[in-house]
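[1] Need a 3D model of the sequence below.
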Amino acid sequence: MKILQINSSIRGEASTSSKLATNVVERLKTLHPDAELEVRDLTGQPILDASAMGAIFTPAEKRTPAQAERVAVDDATIAQLMAADAVVLGVPLYNLDVPVQLKAWIDAVSRAGVTFRYTEKGPVGLVGNKKVYVALTRGGLYDGSPMDTQKPYLRNFLGFLGMTDVTFIHAEGLAMGEEPARASLERAKGQIEALVA
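    Coordinates of the predicted model:
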């Protein structure tokens, strides 16, 4: 089993979402002791800009060395995702959305003809059915409300690439005082114990 852990917080080792993602991975490794783990920190993920888009749409044999180098970065990102059996995402809420670093990764792995294709009946995901765990952390309480923009977006994106087996783990109210934060983290850890089985 190959596990890909993706940390999207800018807070490094202080990140609660990354710590929860690590808790999921630790639980998975108790169930699959021989699992291989790759951890990807997205803080340096290159964004999709005009030059990157131009490189991707330039035929390989016509790319400049700089274009080939840029495309190779996204190719490696896609290969890493395709090789994983389980994906664990650590996702904090920034201004009612996913972090820009995660959006950059999403742009990198969304490539027509490689990770999805268009058909007469609509898009079809090509990544394959992987188990995905998403550890969400929020300062306020958003789950189940119209303000919860993360879950629908991530569920739609992952499904677009063919990943429909998605489990969300929540730690909310983390900015609402020490006791609510502690209780929420305990609930999230309980979710991990119960759901990762």
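
[2] in the protein, which spans are helices?
    According to DSSP state H, the chain carries its helices in the segments 16-31, 50-57, 65-83, 100-109, 150-160, 178-195.

[3] Show me the shaky parts of the protein.
    196-197 (pLDDT under 70).

[4] want to throw the helices of the chain into a markdown table with mean neighbour count and distance to K121?
    (Glycine included, C-beta is placed from N, CA and C.) Listed next are these as a markdown table, based on neighbours: other CB atoms under 10 Å; distance: least, CB to CB, whole Å:
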| stretch | mean neighbour count | distance to K121 |
| --- | --- | --- |
| helix 16-31 | 20 | 34 |
| helix 50-57 | 14 | 25 |
| helix 65-83 | 15 | 23 |
| helix 100-109 | 20 | 23 |
| helix 150-160 | 16 | 14 |
| helix 178-195 | 14 | 32 |
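
[5] can you list these in JSON lines and add distance to Y133?
    Output for the helices of the chain, formatted as JSON lines (distance: least, CB to CB, whole Å):
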{"stretch": "helix 16-31", "distance to Y133": "5"}
{"stretch": "helix 50-57", "distance to Y133": "29"}
{"stretch": "helix 65-83", "distance to Y133": "14"}
{"stretch": "helix 100-109", "distance to Y133": "15"}
{"stretch": "helix 150-160", "distance to Y133": "11"}
{"stretch": "helix 178-195", "distance to Y133": "8"}
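
[6] Identify whichever of these lies nearest to R138.
    Taking CB to CB as the criterion, helix 150-160 is the member of the helices of the chain that comes nearest to R138, at 8.2 Å.

[7] Just tell me which of the helices of the chain ends up closest to L126.
    Evaluated over the helices of the chain, closeness to L126 peaks at helix 65-83, with 8.8 Å, by CB to CB.

[8] helices or strands up against that closest one?
    In this structure, helix 65-83 packs against strand 2-7, helix 50-57, helix 100-109, with contacts taken as 3 or more CB pairs under 8 Å, 6 or more residues apart in numbering; DSSP states H and E.

[9] make it 6 Å
    Applying 3 or more CB pairs under 6 Å, 6 or more residues apart in numbering; DSSP states H and E, one finds that helix 65-83 contacts helix 50-57, helix 100-109.

[10] Just the residues contacting the first one, thanks.
    By CB atoms under 6 Å, 6 or more residues apart in numbering, the surrounding residues in contact with helix 50-57 are Q67, R70, V71.

[11] 10 Å - rerun?
    Residues from elsewhere that reach helix 50-57, judged by CB atoms under 10 Å, 6 or more residues apart in numbering: 46, 48, 63-64, 66-75, 104, 107-108, 111-112.

[12] what's the angle between that helix and helix 65-83?
    Compare the direction of helix 50-57 with that of helix 65-83 by axes from the mean of the first three to the mean of the last three CA atoms, to 10 degrees and you get 70 degrees.

[13] then helix 50-57 to CSV, C-alphas only?
    Included here for helix 50-57 are C-alpha records, laid out as CSV according to Å, rounded to 0.1, in the frame of the first residue of the first chain:
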residue,chain,number,x,y,z
ALA,A,50,0.4,31.9,-18.5
SER,A,51,3.9,30.5,-19.0
ALA,A,52,3.1,27.2,-17.4
MET,A,53,-0.2,26.9,-19.4
GLY,A,54,1.7,27.6,-22.6
ALA,A,55,4.3,24.9,-21.7
ILE,A,56,1.6,22.3,-21.1
PHE,A,57,-0.2,23.0,-24.4
